[in-house]
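K.L.:
Quick check, what structure comes out for this input:
(2 chains)
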Protein chains: 2
Amino acid sequence: MSDKRREGEQLHLGAFLYFTGHHHAGWRHPDSGVEAMFDIANYVRMARTAERGKFDMIFFADLLHLIYPTHAAAGMMDPIALLSAISTATERIGLTATMSTTYNEPYNAARKFATLDHISGGRAGWNIVTSQTDAEARNFGRDRHPEHGVRYRMAEEFVEVVASLWDSWDDGGLVMDRQSGIFADAAKLRPVDYDGSWYSAHGTLNVPRPPQGYPVLIQAGSSEPGQAFAARVAEVIFTAQPHVEAARSFYAVMKGKLAEAGRRPGSLHIMPGLSPILGSTEEEARRRERELLDLIRPEEASGFLSGMLQFDLSGYPPDGPLPDIPDPVEASNGMKSRVQLIMDLARKDGLSILELGRRLLGARGHLQFVGTPEKLADLIEDWFRSSACDGFNIMPPVLPGDLDTFVDEVVPILQRRGLFRREYESRTLRGHLGLERPAAGALGARPAGRPAAAQASGLLAE
Amino acid sequence: MSDKRREGEQLHLGAFLYFTGHHHAGWRHPDSGVEAMFDIANYVRMARTAERGKFDMIFFADLLHLIYPTHAAAGMMDPIALLSAISTATERIGLTATMSTTYNEPYNAARKFATLDHISGGRAGWNIVTSQTDAEARNFGRDRHPEHGVRYRMAEEFVEVVASLWDSWDDGGLVMDRQSGIFADAAKLRPVDYDGSWYSAHGTLNVPRPPQGYPVLIQAGSSEPGQAFAARVAEVIFTAQPHVEAARSFYAVMKGKLAEAGRRPGSLHIMPGLSPILGSTEEEARRRERELLDLIRPEEASGFLSGMLQFDLSGYPPDGPLPDIPDPVEASNGMKSRVQLIMDLARKDGLSILELGRRLLGARGHLQFVGTPEKLADLIEDWFRSSACDGFNIMPPVLPGDLDTFVDEVVPILQRRGLFRREYESRTLRGHLGLERPAAGALGARPAGRPAAAQASGLLAE
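P.N.:
All right, here's what the predicted structure looks like:
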């Protein structure tokens, strides 16, 4: 690779620890640690592997309902608890937890992330999500999940309250002077006085400002409100980008929106998900892919496909072709184009119902790679140098096995090519990502009623 | 001590890790770890000390507002995060977190405690509190903290929903059979269907039933609704009992209420707080007590006293006697008797305003002991054998120093007297406490509308 673009820049890597692996049937594979999935030693070991590989961070998802009882995601432990446990067994790696703004209280969220940031010495990250389904709403005593636009307006308020609470201690507020008996300097406490449409808070956080100022703020929404929110608030975007052209265009759009919000390009990193199925030869990698696909139970594959298409396929032979699917009743445009995409894929590759269902369920909409470590390094370098991304959130199909392989066989190639660090140069997640430490008031703390736009340019002001 | 009562029984000990110590000015003492109070290594070290001392559990309080900016409690990190971090660095000791039922969501609470119980291998305990002040309400966007009776009715519902969520997986629900591809047995998932006055939930927890069934349920309320709640739900009561006669009477009353609720005496342990100021001689202990009292700043002592009496003392000389305090306007009976108690104490011991304020602020209403390890062991044995308690929640005035002293100098005496374990015999907190593992449905999971009383006798059924 002789591409000189972005020379000297380093890519960023996250290790997305989705319990026993991202592939739907990954837990059934012999390399999965499913029997140890409620044993913290299993997660500590994975975190140390990622730290050995000099990853920027590990990352935990968080869903607030039970999905697929047939899948290991049915056992989804609380990310803050997991990362707190991992923090004492690691030194450098960033620790990113997902937390929903829709089903939490800002004061609790602010304390939890401030605590994680303190006890990890500045390694916390918050993946801000708004949750997705009515099933989550019902677990919280509500009938319906709020509509998309409302959720993002709620999320903006939520983040403003949380940031204001982090800022309710000035950086010099913690005095701890035994001699004078002054623990905190009351003049440096700035009680929050926030009245929003959804969230209000009037008081001071009982944890001093986090070491990083704010934990690194991460966002995953690719919708229009999601992008607008990310351009104002996010410092990392996790995104599903299976195609390089679409990824380049998303990258350009987001960096443009960033500039419009008055923020510098390096203040937001775009990290698509990447699920690598590796083998020492192409054939071995293909065999592993096949092996994983075959582990998806036929009834799950066709059930999933029926759900995606909103069309009952149970009467059709699983080995037969996909029938013509009528447009779903009252379908949105998004739904119609999804059905068309799936039909096109089935036709193009001549896939049976079973095979199509397995492929869709296996990849979960993310970029999937099947091949050798060298070829994967080529793909990563190409995406990085051609400004399709600033790095990747690695989604090993089988955990812990495929994380070991990535760290042992792909990371050294990236290091040799000068694309990735050989040693940590910082002790904080902000440091790994080259992000400024935000000043107090950078986000939130605006007087009630002041429009959000007026605040945006203050974010992470240097 | 030749008292043969309760022979063969063992007492239980908790280590209440109140950051830099329970004494109001403990953080200023040279033995405090205040400079390390945001360093997790400080807490890991204390937890290991308590584990070396074979304590049943460590315990963290949780307040949802900033109290006294002059005091180390201003920096009160999140207990679940702290205990998760400590869990990987300890093997046996129980890990008890306080969590408020008033300012959390049951689904989140159920997941957090289930996670802590899984990752610690069954060592989690939940100190169920309802929070106390309007300051907490305001941090959560509410004007006023709910009235006492309402809070307890809310708490009962909250605990029922949480227990139902823990029970939404039968114990055999987790299958993880690679061969068949069955992760969870759908027939053993029991979605919650709960509609309460304050909390509702309709769904299944996404974490399997905790190893202990339920984490150990702990309660601290001494009021009438608090006692009623404890008799139905609690397995440990933390209580402030500064006088042995009152403690014996509380103990008898609570064990009576327990029997009325159809529960066996050993299913609820009563553990008062005990704050020991130790010295190798009486004189040395007295000197240490004096040293701590003198670290309380005069303006804080008289300010605190003014608050307790609802009477402004700022115009009176701190070294002078307490003036006659009029009954506060619109005072409750509790308030009137508190004023009388404080005036009596000042007269009896001839205390100045400053000294009185310091003593009240230093002890925080709990049993305080000043003396030698041998005498403390006598007190502990006396309280235990005379059925004033089943053990103590030890509240070291200065942390970590006074916990070290207790473990090194008091625990061995208790062990020699046959009152306390020399080795752990269990790996779970329930095991240390001799508590049954509750069957699914033991608490909560009742159909909506069924009165709580009908449920009570099912709690921890054997």
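K.L.:
can you list the weak-confidence ranges in chain A?
P.N.:
A:1-3, A:328-334, A:444-462 (pLDDT under 70).
K.L.:
Tell me how chain A divides into domains.
P.N.:
Domain segmentation of chain A under automatic domain parsing yields A:12-280+A:372-456, A:287-361.
K.L.:
Tabulate the ones you listed (JSON lines), appending distance to chain B.
P.N.:
Every residue, glycine included, has its C-beta placed from N, CA and C. Below are those laid out as JSON lines (distance: least, C-beta to the nearest C-beta, whole Å):
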{"stretch": "domain A:12-280+A:372-456", "distance to chain B": "3"}
{"stretch": "domain A:287-361", "distance to chain B": "5"}
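K.L.:
Pick the most buried one from the ones you listed.
P.N.:
domain A:12-280+A:372-456 (a mean of 21; mean count of other C-beta atoms under 10 Å in any protein chain shown).
K.L.:
where exactly do the helices run in the stretch 1-150 of chain A?
P.N.:
Using DSSP state H, counting those that start in this stretch, the helices found in the stretch 1-150 of chain A span residues A:40-52, A:79-87, A:106-119, A:134-139, A:148-166.
K.L.:
ok, and what's touching the shortest one?
P.N.:
Residues from elsewhere that reach helix A:134-139 (C-beta atoms under 8 Å, 6 or more residues apart in numbering or on different chains): A:63-65, A:67, A:100, A:102-103, A:143-146, B:107, B:201-203.
K.L.:
Bridged to residue A:367, which residues?
P.N.:
Counting by DSSP bridges, residue A:367 forms beta bridges with residue A:274.
K.L.:
element containing the nearest residue to residue A:149 once chain neighbours are set aside?
P.N.:
Ranked by C-beta to C-beta, 6 or more residues apart in numbering or on different chains and with sequence neighbours excluded, the top spatial neighbour of residue A:149 is residue A:225, at 5.6 Å. Here residue A:225 sits within helix A:224-233, counting by DSSP states H and E.
K.L.:
helices and strands around that helix, which ones?
P.N.:
helix A:148-166, strand A:216-219, helix A:244-260, helix A:452-456 (3 or more C-beta pairs under 8 Å, 6 or more residues apart in numbering or on different chains; DSSP states H and E).
K.L.:
Same list (the ones you listed) but as JSON lines, adding distance to residue B:83.
P.N.:
What follows is those, written out as JSON lines (distance: least, C-beta to C-beta, whole Å):
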{"stretch": "helix A:148-166", "distance to residue B:83": "22"}
{"stretch": "strand A:216-219", "distance to residue B:83": "24"}
{"stretch": "helix A:244-260", "distance to residue B:83": "39"}
{"stretch": "helix A:452-456", "distance to residue B:83": "36"}
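K.L.:
Which one, of the ones you listed, ends up nearest to residue A:73?
P.N.:
strand A:216-219 (19.7 Å; C-beta to C-beta).
K.L.:
Can you name the residues in contact with the closest one?
P.N.:
Residues outside strand A:216-219 that contact it (C-beta under 8 Å, 6+ apart) are A:57, A:94, A:96, A:124-128, A:159, A:226, A:229-230, A:233-238, A:429-430, A:433, A:435, A:443.
K.L.:
And residue A:361, its phi and psi?
P.N.:
Note on residue A:361: its backbone torsions stand at phi -70, psi -30 [degrees, to the nearest 10].
K.L.:
Surely it and residue A:300 touch.
P.N.:
Yes: Residue A:361 is in contact with residue A:300 according to C-beta atoms under 8 Å; the separation is 6.8 Å.
K.L.:
Name all residues that make contact with the nearest residue to residue A:421 once chain neighbours are set aside.
P.N.:
Leaving aside its chain neighbours, residue A:421 sits nearest to residue A:54 (5.0 Å; criterion: C-beta to C-beta, 6+ apart). Residue A:54 sits next to A:13, A:411, A:415, A:420-424 when contact means C-beta under 8 Å, 6+ apart.
K.L.:
Now, these that are in helices?
P.N.:
Assigned to helices by DSSP state H, the following of these qualify: A:411, A:415.
K.L.:
quick revisit: nearest to residue A:386, of the helices and strands packed on helix A:224-233?
P.N.:
Proximity to residue A:386, assessed across the helices and strands packed on helix A:224-233 by C-beta to C-beta, is greatest for helix A:244-260 (6.3 Å).
K.L.:
hang on, the earlier thing: can you list contacts of the helix holding residue A:225?
P.N.:
By C-beta under 8 Å, 6+ apart, helix A:224-233 touches A:128, A:148-149, A:152, A:155-156, A:159, A:217, A:219-221, A:237, A:253-254, A:257-258, A:260-261, A:263, A:268, A:443, A:452, A:455-456, A:459.
K.L.:
quick one: contacts for residue A:11?
P.N.:
Applying C-beta under 8 Å, 6+ apart, we find residue A:11 in contact with A:380, A:384, A:389-392, A:414, A:419-420.
K.L.:
got the CA positions of the helix holding residue A:225 in CSV?
P.N.:
Extracted C-alpha coordinates of helix A:224-233, given in CSV (Å, rounded to 0.1, in the frame of the first residue of the first chain):
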residue,chain,number,x,y,z
GLU,A,224,-31.3,12.6,10.6
PRO,A,225,-32.0,13.6,14.2
GLY,A,226,-29.2,11.1,15.2
GLN,A,227,-26.7,12.8,12.9
ALA,A,228,-27.7,16.3,14.1
PHE,A,229,-27.3,15.2,17.7
ALA,A,230,-23.9,13.6,16.9
ALA,A,231,-22.6,16.7,15.1
ARG,A,232,-23.3,18.7,18.2
VAL,A,233,-22.4,16.3,21.0
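K.L.:
Could you check the angle it makes with helix A:244-260?
P.N.:
Orientation of helix A:224-233 against helix A:244-260 (axes from the mean of the first three to the mean of the last three C-alpha atoms, to 10 degrees) gives an angle of 50 degrees.
K.L.:
Pull the distance from helix A:224-233 to the chain's centre.
P.N.:
On the basis of C-alpha atoms, centre = their mean, to the nearest Å, helix A:224-233 sits 15 Å off its chain's mean C-alpha point.
K.L.:
Quick check: next helix or strand after that helix?
P.N.:
Next along the chain after helix A:224-233, taking DSSP H and E as the criterion, comes strand A:236-239.
K.L.:
Can you tell me the strand partners of that next one and which way each runs?
P.N.:
Using DSSP bridges, strand A:236-239 pairs in its sheet with strand A:216-219 (parallel), strand A:269-278 (parallel).
K.L.:
Now tell me what touches that strand from outside.
P.N.:
With contact meaning C-beta under 8 Å, 6+ apart, strand A:236-239 is reached by A:12, A:14, A:59, A:125, A:127, A:216-220, A:222, A:230, A:247, A:250, A:254, A:268-273, A:393, A:433.
K.L.:
so where do the strands sit in chain A?
P.N.:
For chain A, applying DSSP state E gives strands covering A:12-16, A:57-60, A:94-100, A:124-129, A:174-177, A:182-184, A:192-195, A:200-203, A:216-219, A:236-239, A:269-278, A:367-371, A:391-394.
K.L.:
what sits against residue A:272?
P.N.:
So residue A:272 contacts A:238-241, A:247, A:366-367, A:383, A:388-389, A:392-393 (C-beta under 8 Å, 6+ apart).
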